[in-house]
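S.K.: Return a 3D structure for these sequence lines:
(one chain, ligands or ions: 1)
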Amino acid sequence: MRMRKKRRGGERLSQLSALFVSGKEYKTAFDCERPLRIEIGCGKGDFICQLSKIEPDYNYIAMERVDDVIVVAAEKYAAGRDLGQLDSHGGWKTPDGTIYDGERWDIPLEMRGNVRFMNCDASTLDEIFDEESLDTVYANFSDPWTKNGYANRRLTHPDFLKRYLRILKSGGYFRFKTDNVELFDFSLESVEAEPGFELTFVSRDLHASERAETNIMTEYERNFSSQGIKINCLEARKK
Ligand SMILES: C[S@@+](CC[C@H](N)C(=O)[O-])C[C@H]1O[C@@H](n2cnc3c(N)ncnc32)[C@H](O)[C@@H]1O
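M.R.: Residues are numbered from 1 along each chain as shown. Predicted coordinates for the structure are as follows:
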């Protein structure tokens with residue numbers, strides 16, 4: 001009997017590569033045109049998997065730079081859409097029992113649903129997306145980069161806000177959540193100083209706010225919240 005090697009995180013990406021896009025491929029990646037939303041730094045995908053089901057009238061891009069992490073998000077999404085599951089060797093087992101062991105499953109377009117995954121860094125956002133092509137940009141619990149000299153890597157640095165403004169449609173939203181008070185203060189200041197945005201929601205305790213009921217928790221959010229840490233949230237609309 002042939003012994004199968006256990007597939008590691010990044011290696012598993014090729015099995016579900018039909019759910020991944022790079023560069024401008026996003027334009028033809030969906031079976032039907034809907035307003036487009038993006039989550040930057042989707043992590044292991046809890047947020048995007050839930051949101052894309054609750055609000056199905058949108059197409060979604062889940063962007064994440066770490067391949068070992070984004071593959072978990074893609075597998076979670078695929079399992080949640082009844083496209084199969086990982087087998088004990090890390091191969092992908094489809095509902096009819098076929099196992100893709102490191103090779104691509106060419107999932108029919110109509111079965112791929114409304115989320116595609118992009119394994120890249122957000123600094124390339126404005127090279128990838130056309131001007132005024134997006135409905136919403138989400139950034140949840142992004143890295144705080146608190147050390148001196150790294151502020152320009154924060155996803156709410158003025159340079160990133162300019163990128164969002166370029167790719168968002170007028171009336172589109174930037175939505176941001178973090179546990180980190182220093183990052184939140186910085187983010188609030190950056191958004192307030194950016195004339196292209198108007199703040200439409202601010203809370204320093206999201207779970208006690210009027211949006212608590214409709215809030216979709218991310219992995220990090222659940223973890224911080226269980227430790228009693230308050231969640232900060234802001235939403236800004238492109239004028
Ligand atoms: C702290 S985790 C939060 C994950 C998830 N959003 C959550 O709330 O559970 C931040 C994630 O964003 C990713 N990330 C950070 N900066 C990024 C960037 N510039 N481009 C793409 N992904 C990024 C990291 O690799 C990491 O997986």
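
S.K.: got the residues of this structure near the ligand?
M.R.: 40-43, 63-66, 69, 121-122, 140-143, 218-221 (Cβ under 6 Å from any ligand atom). Placement of C-beta: from N, CA and C, glycine included.

S.K.: The same query, at a cut-off of 8 Å, please.
M.R.: 39-44, 46-47, 63-66, 69, 120-123, 139-143, 153, 155, 177, 218-221, 223 (Cβ under 8 Å from any ligand atom).

S.K.: Helices - which of the residues you listed land there?
M.R.: Judged by DSSP state H, the subset of the residues of the chain next to the ligand located in helices is 46-47, 69, 219-221, 223.

S.K.: Past the strand ranked longest in the chain, which element shows up next along the chain?
M.R.: What stands out as the longest strand in the chain, according to DSSP state E, is strand 168-178. Per DSSP states H and E, the first helix or strand lying C-terminal to strand 168-178 is helix 181-193.

S.K.: Contacts for that following helix, please.
M.R.: Residues outside helix 181-193 that contact it (Cβ atoms under 8 Å, 6 or more residues apart in numbering) are 142, 144-146, 151, 154, 156-158, 161, 174, 176, 178, 197, 199, 202, 204, 232, 234, 236.

S.K.: Stretch 143-150 now?
M.R.: By Cβ under 8 Å, 6+ apart, stretch 143-150 touches 41, 151, 153-154, 178, 180, 182-183.

S.K.: So which of those is surrounded by the most neighbours?
M.R.: Thr178 (26 neighbours; other Cβ atoms under 10 Å).

S.K.: what's near enough to touch it?
M.R.: By Cβ under 8 Å, 6+ apart, the neighbours of Thr178 are 140-142, 144, 184, 187, 231-232.

S.K.: ok, now which ones touch Leu155?
M.R.: 40-41, 122, 139, 142, 176.

S.K.: ok, the nearest residue to Leu168 once chain neighbours are set aside - how many residues close by?
M.R.: Closest residue to Leu168 apart from its sequence neighbours, by Cβ to Cβ, 6 or more residues apart in numbering: Lys238 at 4.6 Å. Lys238: 21 surrounding residues under other Cβ under 10 Å.

S.K.: so where is this structure shaky, pLDDT-wise?
M.R.: Counting by pLDDT under 70, the chain contains low-confidence ranges at 1-2.

S.K.: Please state the offset of the helix or strand where Arg166 lies from the chain centre?
M.R.: Taking DSSP H and E as the criterion, Arg166 maps to helix 158-167. Computed by Cα atoms, centre = their mean, to the nearest Å, the chain-centroid distance of helix 158-167 equals 17 Å.

S.K.: One more: stretch 150-170?
M.R.: With Cα atoms, centre = their mean, you get 16 Å for stretch 150-170.
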